[in-house]
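K.L.:
Sequence first, then the predicted structure, then my questions.
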Amino acid sequence: MSEKKRIIFHLDMDHFYTAVEEREHPEYKGKPVIVGADPKGGAGRGVVATSNYEARKAGVKSGIPISRAWKLCPEAIYLPPNFPLYIKVSNEIMDIARKYADKFEQWGIDEAFLDVSSKVKDYAEAEALAKQIKHEILAKEQLTCSIGIGPNKLTAKIASDYQKPDGLTVVKEGEVERFLAPLPVRKLLWVGRKTEAKLKALGINTIGDLARYDPAVLTETFGVMGTQMHLMARGIDRSEVEPRTEVKSISHETTFEEDTDDADTVLKALDALSEEVCKEALNQSLFFKTVTVKVRYENFETHTRSKTLPFMTNRQQDLKKTAKELLQAYLRHDRKIRLIGVRVSSFVKGEKQKTLA
Ligand code: DCP
Ligand code: CA
Ligand code: CA
């Protein structure tokens, strides 16, 4: 049975946070702009979320310490992230792109896969469609994006990164292996720095080197991931474009060893639960607005109370403070508590971590 031919787009916004900031503040245009932690004159402890292309020329990239950015580019405009704005813009862009796809999958705050197989009959039509999407995003949002087109998600994702900013790269079926071969293995989706170092030790630098390597040895060295990497190096990826199943809430609860009416004990446990919940939200790049606490008294009577914050957050201090406020009413000297829980919901998604290794 022959497999149905697919045409997949990967769309990724150019220097997303800083591009949005430049749009909102035209006076920043042409100057280096960095969004991230407060540099505090070089003593700041956080990292760079992103930088525009002017700042990148000075070596400032996502993820480097903000103190290092300050050394490299003290003259840049430093801005704290404005997540509500980026998320609003992201939602608008996704709504534009979604219309063009048979199947749509948002991946992180500024990128998405589109399966357009039934919308176009060949790669020429696909290219025209991609231009139309880029045009609509530019017209409505005054922002540029880069689109990669290929027969599968893997190829499309690597192609969107190939010519940035404002790029459009088409890799037709049959050209995939030749397109991938000269690129560094790092470009493969799941190859992190550790794996890259191990591959280098085997003399594998490019995706082509990996494609030619003995798959049995790769499987022996890296397990299932080795098999997977070899397939990817040859441009094989059958995964479907599919909307992710959404996480609706994150919660943790704890039952006390002994029922208690001691406020300290209860509040300490509440803080620990808040920390757990926050860590999970951070891991999944989720920001929440609604906080709910749950209390079960010794007689199993159970109550919940919620509060929706006026802003989105995934900061521990916000959750701890709100959870504490909500719980106060349940702390009574005449009733012992058996269980407490903390839940967060009303999510919006931030940028996803892209490497597994
Ligand atoms: N981001 C972040 N921390 C990182 C990486 C990214 O906070 N380590 C945020 C800021 C970016 C946004 O996610 O603007 C999108 O990430 P990308 O990796 O797509 O990077 P950019 O869009 O900034 O740049 P590019 O033009 O290279 O895509
Ligand atoms: Ca981007
Ligand atoms: Ca991205």
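P.N.:
Thanks, I have the structure now. Residues are numbered from 1 along each chain as shown. Ligands and ions are numbered 1, 2, ... in the order given.
K.L.:
For the stretch 1-150 of the chain, which residue gets nearest to ligand 3?
P.N.:
Glu111 (4.1 Å; C-beta to the ion). In this view, the C-beta of every residue, glycine as well, is placed from N, C-alpha and C.
K.L.:
What about that residue? Give its phi and psi, please.
P.N.:
phi -150, psi 160 (degrees, to the nearest 10).
K.L.:
Tell me the bridge partners for it.
P.N.:
Asp12 (DSSP bridges).
K.L.:
give me the number of residues near it?
P.N.:
Using other C-beta atoms under 10 Å, the number of residues around Glu111 comes to 25.
K.L.:
Would you mind measuring from the residue lying closest to Ile8 once chain neighbours are set aside to Glu177?
P.N.:
The shortest distance from Ile8 to any non-neighbouring residue, by C-beta to C-beta, 6 or more residues apart in numbering, is to Ala156 (4.5 Å). Per C-beta to C-beta, to the nearest Å, Ala156 is found 15 Å from Glu177.
K.L.:
same thing with Asn52?
P.N.:
34 Å.
K.L.:
Neighbour count for those two, which is higher?
P.N.:
Between Asn52 and Glu177, counted using other C-beta under 10 Å, the more crowded position is Asn52 (26 against 16).
K.L.:
contacting residues for the more buried one?
P.N.:
His15, Thr18, Ala19, Glu22, Pro32, Val33, Ile34 (C-beta atoms under 8 Å, 6 or more residues apart in numbering).
K.L.:
And for Ala76?
P.N.:
Lys31, Pro32, Val33, Ile34, Ser51, Glu54, Ala55, Ala58, Val60, Ala69.
K.L.:
per-residue pLDDT, the closest residue in space to it that isn't next to it in sequence?
P.N.:
Spatial nearest neighbour of Ala76, chain neighbours left out: Pro32 (3.9 Å); criterion: C-beta to C-beta, 6+ apart. On pLDDT, Pro32 comes in at 98.
K.L.:
now do Ala281
P.N.:
pLDDT, Ala281: 87.
K.L.:
Just the buried residues of the helix or strand harbouring it, please?
P.N.:
When elements are assigned from DSSP states H and E, Ala281 belongs to helix 263-283. Under the neighbour-count criterion of 16 or more other C-beta atoms under 10 Å, helix 263-283 has Val266, Leu267, Ala269, Leu270, Asp271, Leu273, Ser274, Glu276, Val277, Cys278, Glu280, Ala281 buried.
K.L.:
out of everything not next to it in sequence, what's closest to the second one?
P.N.:
Just to be clear, that refers to Leu267. Lys324 (6.4 Å).
K.L.:
Distance check, that neighbour against Thr290.
P.N.:
Noted for Lys324: a distance of 16 Å to Thr290, by C-beta to C-beta.
K.L.:
host element of Gly148?
P.N.:
strand 145-150.
K.L.:
Name every sheet partner of that strand and say whether each one runs parallel or antiparallel.
P.N.:
strand 8-13 (antiparallel), strand 168-170 (parallel).
K.L.:
quick check, the helix or strand following the longest one touching ligand 3?
P.N.:
The one in question is strand 8-13. For strand 8-13, the following helix or strand on the C-terminal side (DSSP H and E) is helix 16-24. No - Helix 16-24 lies out of reach of ligand 3 by C-beta under 5 Å from the ion, never closer than 6.8 Å.
K.L.:
Helix 16-24 close to ligand 1?
P.N.:
Yes - applying C-beta under 6 Å from any ligand atom, one finds helix 16-24 in contact with ligand 1 at Phe16, Tyr17.
K.L.:
Quick check: end-to-end length of stretch 148-163?
P.N.:
9 Å (C-alpha to C-alpha, to the nearest Å).
K.L.:
quick one: buried residues of it?
P.N.:
Buried positions in stretch 148-163, judged by neighbour count with 16+ other C-beta under 10 Å: 148-161.
K.L.:
Wait, a helix at Thr155?
P.N.:
Yes - according to DSSP: H, G, I helix; E, B strand; the rest coil, Thr155 belongs to a helix.
K.L.:
Just list the residues touching it, thanks.
P.N.:
Thr155 makes contacts with Ile8, Gly148, Val171, Val176, Phe179, Leu180, Gly235, Asp237, as judged by C-beta under 8 Å, 6+ apart.
K.L.:
could you pull out the helices for the stretch 101-250 of the chain?
P.N.:
Ranges of helices within the stretch 101-250 of the chain are 123-141, 153-160, 176-180, 193-201, 207-212, 215-222, 224-233, based on DSSP state H, counting those that start in this stretch.
K.L.:
swap in the stretch 251-357 of the chain?
P.N.:
Going by DSSP H, counting those that start in this stretch, the stretch 251-357 of the chain shows helices at 263-283, 316-328.
K.L.:
ok, of those, where does mean pLDDT dip lowest?
P.N.:
helix 263-283 (a mean of 93).
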